[in-house]
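Chemist: Next input, structure requested:
(one chain, ligands or ions: 1)
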Amino acid sequence: MKTNQVRVRFAPSPTGMMHLGNVRTALLNYLFARQKNGSFVIRIEDTDPERNFDPTATKIIQDLSWLNLNYNEGPFKEIETYAPYFQSQRTIIYQENLDILKKKELVYRCFCTAEELEKKRQRAIALRVAPRYDRICADISEHTIQEFLKEGKPFIWRFKIPHQGQVTITDLAHGIINFDLSHFSDFPLTRADGSFTFIFANCVDDFLMEITHILRGEDHLTNTANQVLLFKAFDKPEPLYWHLPIICNVEGKKLSKRDFGFSLNDLKNSGFLPEAITNYLAIIGGSFEQEIMDLEELVNQLNFDQINSTGNIRYDVEKLRWLNHKWIVRYPIEKFVPLVLPFIYESYPLAKQFNPDKMQQLISLVKTELTTLGDIVPAINFYFEEPIATKEGVLSHLPEGQQVDFVHAIQGFIASYSDPAQFLIDLKKVSKDLSLSAKAVFTVIRFAVTGVDKGPSLKDTMEILGKETVLKRLKQIF
Ligand code: GLU
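Modeler: You can find the predicted model right below:
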């Protein structure tokens, strides 16, 4: 099947949890495919069984679905022409393709042991020359090869690269990039156990899956140079590349496990919304008039025909937090409640028995204050826990001379309490009568009722707490 359709792929190796770098790669591939009406393909690069912690790729697929990055083709969405989408199921295909290179005499067996190679490498370093495989095995006679094979001597297949000239890559952001081949080694296509290397399997899959554009991290640049040689060796058209800038931490170092927010799980568990994460990763390093965009808006707004993203980009958690807050504010309350309930239930198990309407009312009171979903816990603490407040502490917000009169007035309001609205009218009146600032008076009552100095309006706070609780808390102080 040959089409002019754009086909991009996200090809994770399931050796670790999803992190921001690969989420961004997945996202940009998704957005690129959507904008170009192309296909977004998922291929699982699971050729390393020992490091494969997610053999069915369930976790990766769940993460993509949580991020709303729906794919057109991949595991569980197979298209016969291109399937299977797990590299571990494609060994025969790689063998057939290696045979093609054998017939073209572009590969040779290398019997050098790891120790021998390491020695040569050290020697090159000592001589201050770039380590490069000396191609000694390319000249072994057929007779010796047969001897070695009979002895069961382990070997790998190496690709014979042109030792001179240049290899050229076309990159959407960097333009033309030339690599001098005199620095390159004949790279391995297989491992000693017969399995296939990343460089080989990844390239074979890309042309068999008719991938037109490869969007991946800049750390793959050297791999790309080698793979372009492979495309040529197979007489396959080379895809266009976009090497994405590396995401760095505040110190300018490549973002790593040690940085907060590196792993998608961490972000998810501390209450970041998928919309905020994808929004952030799509605009990171760029400048946009309108910054808050959902996936549809990003598809329409991003200019993939003029990519100027080169150089490292800095991960700014504060910006992500800001976007998360904006997304929380944007969320309709009905959709928001189920997202925060797990956080609430974990800290306040009693809440499971609460009336859902009441819960929704409580959540909507504090929603616009939240930066992450986890912030719901301290924000509604006033509702679940008695305030830690003392009479002295609470009254310290008022001048000493008026404290007695104020307490006296409040005691009167408690005795005649009907509802928050009336209470607040009384409170304003007493602030006037005693020449106290309304702000100070409200702060005193807020402390007495909630134990903290911020939250929803005092009226809303008192209403949600209910008459009985309000009076109980007021009486404890006054
Ligand atoms: N499995 C590779 C990785 O996770 C894929 C790189 C690529 O996109 O080609 O880095």
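Chemist: Identify the residues contacting Pro131.
Modeler: By CB atoms under 8 Å, 6 or more residues apart in numbering, the contact set of Pro131 is Lys120, Arg121, Ala124, Ile125, Ser185. No exception for glycine: its C-beta is placed from N, CA and C like everyone else's.
Chemist: Can I have the buried ones of the residues you listed as a ChimeraX selection?
Modeler: The following ChimeraX line selects those of these that are buried, judged by 16 or more other CB atoms under 10 Å:
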select :120,185
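Chemist: Need phi/psi at whichever residue of the stretch 101-250 of the chain sits closest to the ligand.
Modeler: Residue nearest to the ligand within the stretch 101-250 of the chain: Arg216 (3.6 Å; CB to the nearest ligand atom). When read as degrees, to the nearest 10, the backbone of Arg216 gives phi -160, psi 170.
Chemist: isn't it right up against Arg24?
Modeler: No. Using CB atoms under 8 Å, Arg216 is not in contact with Arg24, being 10.3 Å away.
Chemist: Overlap in contacts, these two.
Modeler: Leu244.
Chemist: In contact with Glu398, which residues are there?
Modeler: Careful, residue 398 is Leu; it's not Glu. Applying CB under 8 Å, 6+ apart to Leu398 gives the contacts Phe406, Leu436, Ala440, Val441, Val444.
Chemist: what sits up against the strand or helix carrying the first one?
Modeler: When elements are assigned from DSSP states H and E, Phe406 belongs to helix 400-415. Defining contact as CB under 8 Å, 6+ apart, one finds that helix 400-415 is touched by 395, 398, 423, 426-427, 430, 433-436, 441, 444-445, 471, 474-475, 478.
Chemist: List buried residues within those residues.
Modeler: The buried subset of those (16+ other CB under 10 Å) comprises 395, 398, 423, 426-427, 430, 434, 436, 441, 444-445, 474, 478.
Chemist: could I get those as TSV with pLDDT, secondary structure and distance to Gly165?
Modeler: Output for the buried ones among the contacts of helix 400-415, formatted as TSV (pLDDT from 0 to 100; DSSP: H, G, I helix; E, B strand; the rest coil; distance: CB to CB, whole Å):
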residue	pLDDT	secondary structure	distance to Gly165
Leu395	93	helix	84
Leu398	92	coil	84
Phe423	95	helix	85
Asp426	94	helix	89
Leu427	95	helix	85
Val430	93	helix	89
Leu434	93	coil	90
Leu436	93	coil	85
Val441	95	helix	83
Val444	96	helix	81
Ile445	96	helix	81
Leu474	96	helix	85
Phe478	92	coil	88
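Chemist: how about the nearest residue to Asp63, chain neighbours excluded?
Modeler: Met18 (4.7 Å; CB to CB, 6 or more residues apart in numbering).
Chemist: Surely that neighbour touches Phe262?
Modeler: No. Using CB under 8 Å, Met18 is not in contact with Phe262; the gap is 10.2 Å.
Chemist: Which one of those two is surrounded by more residues?
Modeler: Neighbour count, other CB atoms under 10 Å: between Met18 and Phe262, Met18 has more, with 23 against 19.
Chemist: what's that one sitting at in phi/psi?
Modeler: Dihedral pair for Met18: phi -60, psi 140, per degrees, to the nearest 10.
Chemist: Please apply the same query to Phe10.
Modeler: The phi/psi pair for Phe10 (degrees, to the nearest 10) reads phi -110, psi 120.
Chemist: ok, now the one 10 residues further on?
Modeler: Leu20 adopts backbone torsions of phi -60, psi -40, taken as degrees, to the nearest 10.
Chemist: Quick one: residues contacting it.
Modeler: Going by CB under 8 Å, 6+ apart, Leu20 touches Ile247, Leu255, Gly261, Phe262, Ser263, Leu264, Leu267, Leu281, Tyr315.
Chemist: got the phi/psi numbers for the first one?
Modeler: According to degrees, to the nearest 10, the main-chain angles of Ile247 amount to phi -90, psi 130.
Chemist: Who are the contact partners of the closest residue to Glu369 other than its chain neighbours?
Modeler: Of all residues not flanking Glu369 in the chain, Ala379 sits nearest, at 5.8 Å (CB to CB, 6+ apart). Applying CB under 8 Å, 6+ apart, we find Ala379 in contact with Val366, Glu369, Leu370, Gly455.
Chemist: from memory Ile176 sits against Val228, does it?
Modeler: No. Using CB under 8 Å, Ile176 makes no contact with Val228, being 11.9 Å away.
Chemist: So if I had to pick from the two, which one is more boxed in?
Modeler: Neighbours per residue (other CB under 10 Å) separate Ile176 from Val228, with Val228 holding more: 19 against 8.
Chemist: Quick check: which element contains that one?
Modeler: helix 221-233.
Chemist: How about that helix, which residues are buried there?
Modeler: Leu221, Thr224, Ala225, Asn226, Gln227, Val228, Leu229, Leu230, Phe231, Ala233.
Chemist: so how far is it off the chain centroid?
Modeler: Taking CA atoms, centre = their mean, to the nearest Å, one finds helix 221-233 lying 28 Å from the centre of the chain it belongs to.
Chemist: The ligand contacts on this structure?
Modeler: Ala11, Pro12, Ser13, Glu45, Asn202, Arg216, His220 (CB under 6 Å from any ligand atom).
Chemist: What is the nearest of those residues to Leu273?
Modeler: Leu273 has its nearest neighbour among the residues of the chain next to the ligand in Pro12, at 22.0 Å by CB to CB.
Chemist: so Phe478 touches Ile445, yeah?
Modeler: No. In this structure, Phe478 is not within contact of Ile445 by CB under 8 Å, at 9.6 Å.
Chemist: thinking again about what came up before, columns pLDDT and secondary structure on top of the contacts of Leu20, output as a markdown table?
Modeler: Shown next, in a markdown table, are these (pLDDT from 0 to 100; DSSP: H, G, I helix; E, B strand; the rest coil):
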| residue | pLDDT | secondary structure |
| --- | --- | --- |
| Ile247 | 92 | strand |
| Leu255 | 90 | coil |
| Gly261 | 84 | coil |
| Phe262 | 89 | coil |
| Ser263 | 92 | strand |
| Leu264 | 95 | helix |
| Leu267 | 96 | helix |
| Leu281 | 95 | helix |
| Tyr315 | 92 | coil |
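Chemist: Out of these, give me the one that has the most neighbours.
Modeler: Using other CB under 10 Å as the neighbour criterion, Leu267 leads the contacts of Leu20 with 25 neighbours.
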